[in-house]
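> Have a look at this fold, sequence not included:
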């Protein structure tokens, strides 16, 4: 089998700043005092590996902050869930165990349906639509996070989500009864509506889940497929472009307020740059990772008209169900998106 390596990234994020800690206790060493700004060393947990484009972007973000503040704010990135597991990152930042962290936005769907607006099938299925949706939703979501003493810094999308299987998918009927990996409420709901059997699996556990027969198919991005060597356990990728879920970076509000005004501005300025850089990297990631999968034997296909019709019907039903849960706030968000 051909051995491959990740393509070199245009994002300069030195891995020397990634440290592995053996205990979460170490993460609680950051200190701050309200009303008195001081130098800060921040530990930042992230869910994905060092070569993942999200992590590479965040490493560059940390470098930018360090340089802009002359070391007054020093962010150490802990990748691959090595410090805090993905499902615990948001609450760890909220409680002050760590001052900053990254997580997939739709993980908060059970708290508030507005956080899964980017994971409704075919609501925004390309980068232009996804950007417009983000412009319509980010202020609303930032205010929701403020209620939990969290500050939203920036968000970056994954490449469009597709369907990975061990067989060709032509109509969607082929997925009935298949054990399918899910990673958020929307992917779980979509699997249900396709007649599949959803199972929650985090990215680092994907190869093992397939190897042990826990799952037989998945909905995820070309990035995750290539990074987990999907050709070792799957044969087909349908580039269905269902949605573009986003990862977001949040900071503890008290930790942010404890920074000097100069460091606060440097952090926010670096976040703006990281967001643009991350969106550009995501676009390049889509093409690069699809090529890697093709080169390693994955059969890549575009969805047939029958499959698109089937998925759009499911998407319409999921949009209405989402609106029912999101009430007036959801409708206002969609109206703002459609009126851009």
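Good, I have the coordinates. Fair warning: this is a prediction, and the values are worked out from it, not measured in the lab.
> pLDDT below threshold where in this protein?
In the predicted model, the chain carries pLDDT under 70 at residues 1-38.
> List the residues that contact residue 71.
The contact partners of residue 71, taken as C-beta atoms under 8 Å, 6 or more residues apart in numbering, are residue 39. Every C-beta, even on glycine, is put in place using the N, C-alpha and C of the backbone.
> Hmm, residue 59 is touching residue 77, no?
Yes - between residue 59 and residue 77 there is a contact under C-beta atoms under 8 Å: 5.6 Å.
> which stretch of helix or strand covers residue 170?
Using DSSP states H and E, residue 170 is not contained in any helix or strand.
> Secondary structure class of the most centrally placed residue in the chain, three-state.
Among the residues of the chain, residue 247 comes closest to the average C-alpha position under C-alpha atoms, centre = their mean, at 3.2 Å. Of the three states, residue 247 takes strand under DSSP: H, G, I helix; E, B strand; the rest coil.
> Roughly how far does residue 321 sit from residue 314?
Separation of residue 321 from residue 314 (C-beta to C-beta, to the nearest Å): 10 Å.
> the more surrounded of the two?
Neighbours per residue, other C-beta atoms under 10 Å: of residue 321 and residue 314, the larger number sits with residue 314, 19 against 14.
> Test my guess that the more buried one contacts residue 186.
No - counting by C-beta under 8 Å, residue 314 sits too far from residue 186 to count as a contact (10.8 Å).
> list residues touching both of the two?
Counting by C-beta under 8 Å, 6+ apart, the residues touching both residue 314 and residue 186 are residue 121.
> in the stretch 51-200 of the chain, which spans are helices?
Secondary structure of the stretch 51-200 of the chain (DSSP state H, counting those that start in this stretch): helices at 53-68, 86-95, 127-146, 185-193.
> CSV please, covering those helices and showing distance to residue 200 and mean neighbour count.
Converted to CSV, the helices of the stretch 51-200 of the chain look like this (distance: least, C-beta to C-beta, whole Å; neighbours: other C-beta atoms under 10 Å):
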stretch, distance to residue 200, mean neighbour count
helix 53-68, 20, 23
helix 86-95, 9, 19
helix 127-146, 23, 17
helix 185-193, 7, 21
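> Stretch 247-264: which residues count as buried?
247-253, 255-256, 258-260, 263-264 (16 or more other C-beta atoms under 10 Å).
> Check stretch 151-166 too.
For stretch 151-166, using 16+ other C-beta under 10 Å, the buried residues are 151-165.
> do the same with stretch 202-214
Those would be 203, 204, 205, 206, 209, 210, for stretch 202-214 by 16+ other C-beta under 10 Å.
> who touches it?
Contacts of stretch 202-214 (C-beta under 8 Å, 6+ apart): 47-49, 80-81, 85-87, 179, 181, 183, 199, 201, 215-216, 218, 224, 227-229, 232-234.
> about what we covered before: inside helices: which ones of the buried residues of stretch 247-264?
253, 255, 256, 263, 264 (DSSP state H).
> can you redo the helices of the stretch 51-200 of the chain as TSV with distance to residue 306?
Converted to TSV, the helices of the stretch 51-200 of the chain look like this (distance: least, C-beta to C-beta, whole Å):
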stretch	distance to residue 306
helix 53-68	33
helix 86-95	35
helix 127-146	23
helix 185-193	16
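> Looking at the ones you listed, spot the one closest to residue 274.
Among the helices of the stretch 51-200 of the chain, helix 53-68 comes nearest to residue 274, with 4.1 Å by C-beta to C-beta.
> helices or strands up against that closest one?
Helix 53-68 sits against strand 73-78, strand 246-252, helix 261-295, with contacts defined as 3 or more C-beta pairs under 8 Å, 6 or more residues apart in numbering; DSSP states H and E.
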